[in-house]
Structures are given as C-alpha cells and as structure tokens.
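Novice: Dropping a prediction and its sequence here:
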Amino acid sequence: MSIIGLLPHLVNGVALGLLFALLALGFMLILGLMEQINLAHGSLFALGAYFAYAIATPRLPLPPDLLQAWAAAPLGWRFAAAVFVAPVLVAPFGVVLERLMRRTYGRDPLYGLLLTFGAAMVIEELIRIVWGTRDYMLPVPRGISGGFLMLDLVWSTYRFWAAGFAVIAMAVVWLVIERTRFGALVKAGAHDSEIVQALGHDLEKLRVGVFVLGTMMAAVAGVILAPVWGIRPHMGVDAVIPAFVIIVLGGVGSFWGAVLGGLLVGMVVGLAGAYASEWSMLSMYLLLILVVTFRSRGLFGKKSVLEA
Amino acid sequence: MALFEAHELHLRFGDRVVLEDISLSFEVGRLSGIMGPNGAGKTTCFNVLTGRYRPDRGRVVFDGADITGRSPQAISRLGIARSFQLMNLFDEFTAFENVAIALPETRRRGADPIGQAYRDSALVGEAHEILVNVGLGDRAGQIAKSLPYGERRALEIAVALASRPKLLFLDEPTAGLGSDGRARLADLVRKLKGAVTLVVIEHDMEFLFSLADVISVIHWGQVIAQGSPADLRANPWVRNSNLGKLA
Amino acid sequence: MRSGHTVPTLTPVMIAVWAAFATVPLWIEHVGLYQYLGVEVLIFATYALAYNLVLGHSGLPSFGHGAFFGLGAYGFGLAQLNLVPDLWFCLGAAVATASAGGTLVAAFISHRRGIYYSLLTIAFGQVFWFIAIKWHTVTGGEDGLLKIERLPVQLGVATVDLSHNVSLFYFVLAIFVVVSLLLWRLVHSPFGRILRAIKQNETRARFVGYDVWRYKAAVLILSAGLSGLAGGLFAMAQASAFPDVMSLHYSGYIVMMTLVGGGLVTFWGPVLGAIVFLLARDVIGAFTTGWMLWFGMLFVALVIYKPEGLGGMFLRPARTKRPEAT
C-alpha cells in the first residue's frame, strides 16, 4: 500500500489515539494518586454516553411541557448541554465509588481491582435495566457531522471535531494539574501522602476530588466517543481495556506517557486496520505484550504500586 | 584457604557510587565480620555477594568457581545461604515448615505434585534438629508471624541453615534485639562457628569483637581497615572514628 | 499444617462434599430446580478449584482464565468434529489445547506478580477471546462451534450414554472427584508447599534455592489444563462452544465465584462459590431481571467487609487469617 493509501488510516489512527489518551488519562489519574486500579472507569465512561443520549435526544424524566420545550431547542444546544452536563451527572457515581473503596486503601491493590470489577458489573446491569440491551446512536449537530472530500478521499468530519475536543479536554486537565494548587497537592500526594497531611490538607477531600476529576474525564470521553463507537451496555468493558493497555504501555504515573501511549495505540490500531481491519484491535494487545516483555515498566514508567 | 573471594567490586546506583573497589576474602571455618556505619554500603555489599545485585565490575569467586552475576537461587544451591536484616520469613507457615521448605530434600522433590511433603521422618527430624539448634525446639508448631521478635530472628537463621550451607552470611543478626536477645544470639553464633564458615555484618561492636576471627571495616563503599579484633583496636582509623569507642 | 504431620488423603469434609453432590439428582427437581443446573454447578466447581490453584494457593491473580476454559471447549469441539469422536480423546484434546495456551501465557508472565500479573493475563485473555471471535473458519466466529455431541463413555466392557442430564451429572461428578482429590494431594505435596512459600515470600524462596518462575509457570500450565478439562465438559454439556466464555466478563465471574466462596482461605471455598453464584443467577434471576446487579453488590460488600468470603465464615476464628499479597 502506498503512503497516500496509508494516510487516511494514519490520520484516523491519530484521531483515535487522542480519544484513547483522554480515556486513559482519567484512569491514570486515579491510579497515580490513589494507587487504585479502577476497573469501573469504563462503566463511568458508558454512563457518560448514556446520559448524553438522554440529554440530547431528549429522553429525560421531566414534566411534558419542559421536555417539549427542550426537544424543540436546536440539536447544537442539546449536544453542547450533553457535553457539559453529562459528566456532572456521572460525578456522584464517582463519589460513591470512592466512598466504597476507602476500606481497601492500604491493602493489596488487588482488592481495589476486585471491588471496581464488581462495581463495573453493577453499573452495566443498571444500564441494561434502565436502557435495555439495544444500541443507541448519539445524534451529532449538522455543523460537525457528515463528511468531506480531501485528496480524493472521504473523511468523517466528526472524528476531527472529536479529536479536537479530546485535545481541549486534555489541555484543561493539564492546566488543572500543572497550574493550580489542587494539582500541586495531587502531585505531592502522589509521591507522599504524609506531606499532604503535614501541610494540613485533608487527604480524604483530596482523594474525593481526584476521583471526581477522573470520573468526569471518563464521562467526557464517553460523550465525545459515543457518536463514533455507538452506545451499548458493554461499551464500558470495551473501553476500560484499551485504557489500561495504554497506561501499562505508556508507563504508570506519567501524563505524557498516557498521551503518547494513546497515540501509539491509536496509530497501531489505525495502521493495522489498513491491512486487516477485522483484526485491528488485536494489534493493541500484541503491542502491549511486546513492549512490556522488553521494557517491564512500559515506555515512561517508574516504580509503582503495580509491582507490589 | 579462601572459600570465598570478592575482587575489586564496583557498583553504582545512578550517579551514586555505592561500592568502590571492594576486595574481601573469607577463610574456611572462620567467622569474618564486616562492620561500618549506617549507609556505608555493608548491606549492598552483601546483596552483591549473594546475587541480589549484579556488580558493575569485579568478580566473586566461591570454592574456585566464578559466581559473579549468578541468580540468588543458583548461588544458594552452590552452598551459600543468608539471613536478612529485615525479617524475611514465610509468615503463615509454622516454624517447622519455614525450615522444612528450605531443606535440600524438599527442593529435590519440588516437582512432585502428589506425594506428601513432610512424610519422610529423616526430613522431619532434620528440621526439628535445626530448630532445636537455634533454640526453637518447642516452637515448631507455631505460625512464624505469631512468634516474638527474638525468636523470629533465630528462625531467620534456622531457615538459612536449612539449606546446609558451606558459607552463611548473617545480615545484622542482632538488629532490634535487647541485651538478653543479643547474648542468646551470640551463644548461637558461637555454636555455629566451626560447623560452618560465617560472615556477619554488624554494627554492634561488642558482639562482633567478641566473636570474629577477622574483621573488615567498610566506609564510603570502600574497605578502610582489615584485621583481627586486636589489630583493629590498635588501628588509628578505627580508634579515631566513633567505631572505635570499644577499643 | 501441624509440624511434621502428614495430611490424610481422604477427609470427612471431602467425603461429605462428594456424597452431598451424589444425592443432587434425587431431589433437585423437587425443589423447583432442574437437572442441568447440577451439571453446570459441578463443571464450574471443577473450574473454580482449578482456578483457585493459581489465585488462592499460589497468590497469582489471573484475570484471564476464561481463555483456558474456552480453549478447552474449542479443543473438545474441534477434536470431535475434525478428528476422532471419542470422549476420552476429546477430553484429552481439551486439556492439551488449554495447557498449550497456558504454556504460551506462562512463558511471558511468570516473572511477574501482583497487579502486573493481572493486567497481562487480561491482555492475553483478550487476545484469545478476540481470535475466537474473528477466526470464523475454525471457531465459527461469534456464533461459536455448534453440533458438539455428548459422546458416550467407553469403559472397555461397557458403554454409558451421556445424553441424559442425570448420567452426564454422574460422569462430571466422577471427574470432579478425581480432580478435587488430585488437587488436595497437590496442595500438600512438595510442589504445592513450595508454591505456598513463593506466595508468601518470593524473595526468600529464591534465596533458599528455588527457581521461582519455573514453579509459577508450572502451576499456571497445570491450572490452565484443568480449566480446559472443565471447558471441554462444558462444551459437551452445552453441545456448543462459543467465545463468550473467554470474555473479560466470564474471566471475572470465575474470580467472583472463587472469592465469594472463600478460596483465599479454604480448599473447598471455590466449590461453595460456584454453587452460590449459579444458584443466585437462577433464583435472583427468577424474581428480577438483572440478577448481576444484586450479585455484584453482594460481591462488592464481600470485598469490603469479608475478603475471606463465605467459606471464611465457617472456619474457626483462629484459622481465619487475613490473606496477604494475594
């Protein structure tokens, strides 16, 4: 295949990679500070997508008049509302989850992994009960949907927008971590929770804060990815696995490791798709196994709780 | 004859030189001591000698064979055992099983998935004998985790002895013990002396000076003095440092 | 284990468990359940015991065991459809296929422990699951491998037909008896005690001369092979093999069963867990849709408050130790 022939796969791979990176970053935030593997990350991601669907279509438990008025609003508004409101609606789930996990702090991290696996099963079942097992599609406003022609190829407009949203969301997270007091505390706590306490800060509140941030990132990723992947009950499990693959690949505890890991996975999946589209997702696992066999802590990893 | 020799060992972690040009030799049947202040590189040196770390340069020779960079399990099978400064037991096993699991007979039968692990009366007898030797004869059935500190220290040595070593390294065996415990441990080490070649890291001077045949002093990753306890008492280096208070 | 004492090959609990199972076909229909459930429980109990060899006994938290169960199911089905339709041969094929998969995985992960071990087993589990879905020509893709038959048992002098669920139940029970007996011997053998030692303190095990990774690899392969045996029985019971059993969900279910039953602290815990899990599925499922909602919450509560699982509650307090580094 020529370079030009590969180009769309590569571009799509980069776009996919940015979305993966966003998905992985929230997962890593919780792993980095809390030293907890949150297997329910994907379920929070799925909840984000379902809430967005409820807001945008709209299918909300509101009084009929209000619902009608909202339904009459332009799709652009409804979509924008979904992007901002859905993560806020998902945040309480993160708070509850953090509350449940407290008992496992300081124990073998395996217990956190098991607990969140159970939580993932519960959330997935909740989704089935509320929304059923059918697939949904999140409608995308006309301005950012459809396709366009470039270099004699048809490109999906929304994918570019989605990649752009992902970059913005990641930039916001970067600013929060690097430029705010909260971020400084989070980073200090990641290395030494005693320092945070010695400085007189409430570690419990900080942990809730981190969990909520991670949860909202999962939900934002869910909203942005919903038009690309579709909405279905097991999308959570489908999403959490790439997230952890990226973290292990990029190395635990590194912001840029997660971003580069995401891009790498996106490009490998995209390029593999050029040759064997059926098998493209498999390339991700093979990449992981290959990298981790030779570099046991991933590309940028430091010693971490994973080695306990 | 030197049973064990280390030639010009170098090791650095990142940009920090931890061991610089360390050469040591331990004679058969002797008790050799290694002393030095905290952070001098004693334990790191031990870790290199017993295969936990690989030196950047230098050679380690045991019984005429070059064992530099071999794995801990390979070195252990050649007849070198060690105890740990921080307690390192099989916490949920009984004292008996801690010793029994480390016996060469158990290892030899390691691929047997059907037979009873501790049916052989010779094996059971040997494990009990080792426990009696270290003063834990009546503790065989107790879970290691539930033993008092001093007895865990003794069990640490019992586990090391179980592999029937030709050479036994003890890493700060008195760490955390009170004076009674130290006295009891000194008796134990005196008893082992002669039966097995011993190398003991310690910073309890009294303990080491009363037991060792020869002592090497390590400071800043180097051997700064070497000799019998009597020689060291006379050594100005040792006298002038706070190490020499005893001398 | 008491010092120097040997452990009896047959214990009262063991005989009670076997005897209790043997009575199941006599009453199961009278309590509103059905014969096939008994078959399913025994298959999953066998699988859970095999899995617990890795998780509870050796402290290796595999999260991709569904792959081995599934490999066994496909191995059984493919051997029957393409090679020789003989029960013993096909079960052998199930064990061999799963052991081969276990060997491949073990080669990559046996120097790992803890969460990295879990993550890498998830990755390998996904690889096998993905291949099962996509390799249509061999595995039948998402529809799975159909038309697997319940082959008769050839005993030389006699032949037993297994097409009825009751006869299949007793056949699976016979296999369960053999597997549980072998595993009971294994955990008290030198190999088993060494695994226990490695679980508690890998570093020390190395310093007393053990090639730790060999033991970790061997136990994974063994556990994979026995999981494959259970998978082969499952393919026969279901008359099909499908990729679902290899998914992360199913790999998680076996972890759930094992932990809920108390596999971390007792030998028979996983069996109890399999019973509780499948009963909960049918009983809660009869009253509400979404039984996993309730079972998932029970599981979360157990992880938080009682990680020793239900089996831990039956033990005398002195013996319930908090598991470390499992």
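Specialist: Nice, thanks for sending it over.
Novice: What residues of stretch C:223-240 count as buried?
Specialist: Applying a neighbour-count criterion of 16 or more other Cβ atoms under 10 Å in any protein chain shown, one finds C:223-238, C:240 buried in stretch C:223-240. Every residue, glycine included, has its C-beta placed from N, CA and C.
Novice: cool, stretch C:10-23 as well?
Specialist: Applying a neighbour-count criterion of 16+ other Cβ under 10 Å, the buried positions in stretch C:10-23 are C:14, C:17-18, C:21.
Novice: just stretch B:219-228 next, same as before
Specialist: Within stretch B:219-228, the residues that count as buried by 16+ other Cβ under 10 Å are B:219, B:221-226.
Novice: For C:G273, which residues are in contact?
Specialist: The contact partners of C:G273, taken as Cβ atoms under 8 Å, 6 or more residues apart in numbering or on different chains, are C:48, C:256-263, C:309-311.
Novice: again, 6 Å this time
Specialist: Contacts for C:G273 (Cβ atoms under 6 Å, 6 or more residues apart in numbering or on different chains) come out as C:48, C:257-258, C:260-261.
Novice: Could I get the full set of helices for the chain?
Specialist: All of this refers to chain A. Taking DSSP state H as the criterion, chain A carries its helices at A:3-34, A:41-56, A:64-72, A:75-101, A:109-131, A:157-179, A:181-191, A:193-198, A:203-229, A:235-250, A:255-275, A:280-294.
Novice: Oops, wrong one, chain C.
Specialist: Assigned by DSSP H, the helices in chain C fall at C:12-27, C:35-52, C:66-82, C:87-109, C:114-134, C:136-139, C:165-187, C:190-200, C:202-207, C:212-238, C:248-261, C:269-287, C:291-305, C:309-313.
Novice: State the mean pLDDT of the first one.
Specialist: The one in question is helix C:12-27. Helix C:12-27 shows a mean pLDDT of 93 in the predicted model.
Novice: Quick one: work out the angle between it and helix C:269-287.
Specialist: Comparing the axes of helix C:12-27 and helix C:269-287 via axes from the mean of the first three to the mean of the last three Cα atoms, to 10 degrees yields an angle of 30 degrees.
Novice: Off-centre distance for helix C:12-27?
Specialist: Centroid separation between helix C:12-27 and its chain, computed with Cα atoms, centre = their mean, to the nearest Å, is 19 Å.
Novice: Show me what that helix is packed against.
Specialist: helix C:165-187 (3 or more Cβ pairs under 6 Å, 6 or more residues apart in numbering or on different chains; DSSP states H and E).
Novice: Also the longest one?
Specialist: In terms of contacts (3+ Cβ pairs under 6 Å, 6+ apart), helix C:212-238 is packed against helix C:35-52, helix C:66-82, helix C:87-109, helix C:190-200, helix C:202-207.
Novice: could I get these as TSV with mean pLDDT?
Specialist: As requested, the helices and strands packed on helix C:212-238 are exported to TSV (pLDDT from 0 to 100):
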stretch	mean pLDDT
helix C:35-52	96
helix C:66-82	96
helix C:87-109	96
helix C:190-200	94
helix C:202-207	91
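Novice: Give me whichever of those is most buried.
Specialist: helix C:66-82 (a mean of 28; mean count of other Cβ atoms under 10 Å in any protein chain shown).
Novice: circling back: looking at the buried residues of stretch B:219-228, spot the one nearest chain A.
Specialist: In terms of Cβ to the nearest Cβ, no member of those lies closer to chain A than B:G221, at 23.1 Å.
Novice: List the contacts of residue 52.
Specialist: Using chain A. Counting by Cβ under 6 Å, 6+ apart, A:A52 touches A:82, A:86, A:138, A:223, A:226.
Novice: wrong one, chain B
Specialist: By Cβ under 6 Å, 6+ apart, the contact list for B:R52 reads B:P72.
Novice: if we can go back for a sec, between the buried residues of stretch C:10-23, which is nearest A:F211?
Specialist: Among these, C:V17 lies closest to A:F211 (Cβ to Cβ), at 42.7 Å.
Novice: hmm, which two among the buried residues of stretch B:219-228 are most spread apart?
Specialist: Maximum distance among the buried residues of stretch B:219-228 (Cβ to Cβ): 15.1 Å, for B:G221 and B:Q226.
Novice: Just say helix, strand or coil for B:A122.
Specialist: State at B:A122, reduced to three classes by DSSP: H, G, I helix; E, B strand; the rest coil: helix.
Novice: any idea which helix or strand of chain B has the worst average confidence?
Specialist: Across the helices and strands of chain B, the lowest-confidence element by mean pLDDT, DSSP states H and E is helix B:236-240, at a mean of 68.
Novice: on that earlier part again, turn the helices of chain C into JSON lines, columns for distance to A:L22.
Specialist: Below are these laid out as JSON lines (distance: least, Cβ to Cβ, whole Å):
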{"stretch": "helix C:12-27", "distance to A:L22": "50"}
{"stretch": "helix C:35-52", "distance to A:L22": "35"}
{"stretch": "helix C:66-82", "distance to A:L22": "29"}
{"stretch": "helix C:87-109", "distance to A:L22": "29"}
{"stretch": "helix C:114-134", "distance to A:L22": "20"}
{"stretch": "helix C:136-139", "distance to A:L22": "33"}
{"stretch": "helix C:165-187", "distance to A:L22": "45"}
{"stretch": "helix C:190-200", "distance to A:L22": "38"}
{"stretch": "helix C:202-207", "distance to A:L22": "37"}
{"stretch": "helix C:212-238", "distance to A:L22": "35"}
{"stretch": "helix C:248-261", "distance to A:L22": "22"}
{"stretch": "helix C:269-287", "distance to A:L22": "36"}
{"stretch": "helix C:291-305", "distance to A:L22": "27"}
{"stretch": "helix C:309-313", "distance to A:L22": "37"}
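Novice: Among these, which comes closest to A:T116?
Specialist: Across the helices of chain C, the minimum distance to A:T116, taken as Cβ to Cβ, is reached by helix C:291-305, at 8.9 Å.
Novice: Packing partners of that closest one?
Specialist: Identification of packing neighbours for helix C:291-305 by 3+ Cβ pairs under 6 Å, 6+ apart yields helix A:109-131, helix C:269-287.
Novice: Tabulate those (CSV), appending mean pLDDT.
Specialist: Shown next, in CSV, are these (pLDDT from 0 to 100):
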stretch, mean pLDDT
helix A:109-131, 90
helix C:269-287, 92
